[in-house]
Each structure stands twice: as structure tokens, then as C-alpha cells.
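Novice: Need the 3D shape of this:
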Amino acid sequence: MAELHVVGQVLGGSGFQLDNLFCKWFIETGSNFRLLQGLTGGQTHCDYPNADEAAVWGHPIDVHWTLKGIDGWPRLQVEVWGVDQFGRCELAGYGCCIVPTSPGAHQLTVHTWRPCGTMHEQITSFFLGGVPTLKHREVISSPVDRFRLHTESSGEVHVRVCVVSKDLYRYGVTA
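Specialist: Numbers count the residues shown, from 1 in each chain. Down below sits the predicted model:
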């Protein structure tokens with residue numbers, strides 16, 4: 001059976017409007033992938049950077065799959081949240097990127113966005129805090145559903161991954 005091992009870390013985030021950031025991450029795969037070891041999701045600690053500094057998380061990723069085909073190649077989804085002065089968690093951004101298909105070390109930059117909401121939601125957000133969020137996380141990586149959303153870009157999440165593949169060609173797993 002062909003195997004794929006992804007090892008790395010969520011390094012940090014920059015360019016967000018909120019301070020005191022933490023990141024929830026998930027790796028989504030298709031039905032051709034079977035998890036052998038590791039966690040396909042996690043959450044970083046909350047970092048409190050000084051003004052104009054990037055948040056530093058250094059959260060590990062270590063996942064090992066067997067696979068039958070390239071369909072459903074892993075996608076890394078991130079949700080960045082901030083903690084405001086009253087201790088409330090507010091959305092800073094959603095993002096998604098495909099895990100590289102070539103073996104080796106890779107530096108990834110996940111560009112994030114967040115929903116704008118209606119004019120009423122924007123006014124409420126300005127005066128009372130809180131921002132619109134998605135009801136279903138599947139929209140993050142689905143370009144078909146996302147085109148109807150009104151969004152604004154928010155920041156970047158920096159990720160370092162090492163991709164190790166084994167026996168892809170031997171078992172006929174090719175693009």
C-alpha cells in the first residue's frame with residue numbers, strides 16, 4: 001500500500017487586525033486516504049505579540065496515511081481566532097491550501113479571509129463586537145459554495161511541512 005507522511009508545524013500568523021491570536025487547523029482528505037497515525041486537527045496556544053509583531057505558535061503537525069489514489073489529496077484548513085479585551089473569541093480569518101504533492105520540505109503561506117456579513121451585521125459588529133462566522137466548515141475548502149460569500153482578506157498563516165511519500169509509483173498512484 002502506498003503511504004504519505006506529512007510532518008511540520010504551524011509557525012505563526014501575521015497581518016491580522018486582532019491581537020492575541022490562536023489557530024485551529026484541520027487536514028481534510030478524500031475517501032482514498034486512510035489514517036494510520038497522528039491527528040488531523042488541533043489548536044495552537046494563544047500568543048500575545050507586541051504591536052506590529054507576528055504571532056508565533058510553533059504547533060506540530062505529524063500525520064501518516066495509506067492511500068489508494070491521488071483523488072482527495074490532503075488540504076490544510078485553518079481558522080484564526082483572536083481574544084479581545086473582554087475575553088471573547090472573535091474570528092480573525094479562514095484559509096485553506098493543498099498539501100504539496102512533491103516530496104521534500106515546503107514553506108506554505110495560507111492567505112485567510114473572513115465573511116463581511118450584511119450591513120446590519122457590520123454595524124452590530126462595530127458597536128457590540130463579534131463578527132459573522134460560517135455555520136459549516138466545509139465551505140472553507142469548497143470553491144463552489146464560497147463564490148456566493150462576501151468576504152474580506154484578513155492575514156496570513158505560515159506553515160512549514162515536510163512531505164514524505166512511499167511506494168506511490170510501485171502501487172500505481174500517479175496524477
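Novice: Quick one: classify residue 50 as helix, strand or coil.
Specialist: Per DSSP: H, G, I helix; E, B strand; the rest coil, the secondary structure class of residue 50 is coil.
Novice: That one: neighbour count?
Specialist: Residue 50 is flanked by 6 other residues according to other Cβ atoms under 10 Å. All C-beta atoms are positioned from the backbone trio N, CA, C, and that covers glycine.
Novice: where does the chain dip in pLDDT?
Specialist: By pLDDT under 70, the weakly predicted segments of the chain are 136, 143-147, 174-175.
Novice: switch the cut-off to 90
Specialist: Applying pLDDT under 90 to the chain flags the ranges 1, 17-19, 49-53, 69-70, 84-88, 114-152, 167-175.
Novice: Bridging across strands, which residues link to the residue nearest to the spatial centre of it?
Specialist: When Cα atoms, centre = their mean is applied to the chain, the residue found nearest the centroid is residue 78 (2.0 Å). Applying DSSP bridges to residue 78 gives these bridge partners: residue 25, residue 95.
Novice: Tell me who's in contact with it.
Specialist: By Cβ atoms under 8 Å, 6 or more residues apart in numbering, the contact set of residue 78 is 10, 23, 24, 25, 26, 93, 94, 95, 96, 110, 112, 157.
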